[in-house]
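Q: Fold the stuff below for me.
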Amino acid sequence: MLFRSDMENEVIEVLNDELDVKSYREESRHFINCVKNDQQPIIVGEDGLMALKVSHAILASHRENRVVPVESRCRE
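A: Presented below is the predicted three-dimensional model:
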């Protein structure tokens, strides 16, 4: 299954990959377990924010045909 986005050349392919599904399932179980037991998750919000910054920089770099720097720390 393919989707077109609002970006001119971006195509998103949706895969039915059991390993991908399993990884999200395990990630969710880990997070729920951390909430129930008042523990710190292995991956924290800052990690997710950094992954998002990197993916946005990759898309911008492709779209603008230039190197896009990624701010390496979160703003406070």
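
Q: drop to CA atoms for contacts and neighbour counts, all remaining ones
A: Will do.

Q: can you tell me how far the residue of the chain positioned farthest from its centre sits from Val67?
A: What lies farthest from the middle of the chain is Asn37; by CA atoms, centre = their mean that is 25.3 Å. Distance of Asn37 to Val67, given as CA to CA, to the nearest Å: 43 Å.

Q: picking up where we left off before, what pLDDT is listed against the residue farthest from the centre of the chain?
A: Per-residue pLDDT puts Asn37 at 97.

Q: Would you quantify the distance from it to Phe31?
A: From Asn37 to Phe31 the distance is 10 Å (CA to CA).

Q: outside of the helix or strand encompassing Asn33, which residues touch it?
A: Assessed by DSSP states H and E, Asn33 sits inside helix 18-36. Residues from elsewhere that reach helix 18-36 (CA atoms under 8 Å, 6 or more residues apart in numbering): Gln39, Gln40, Pro41.
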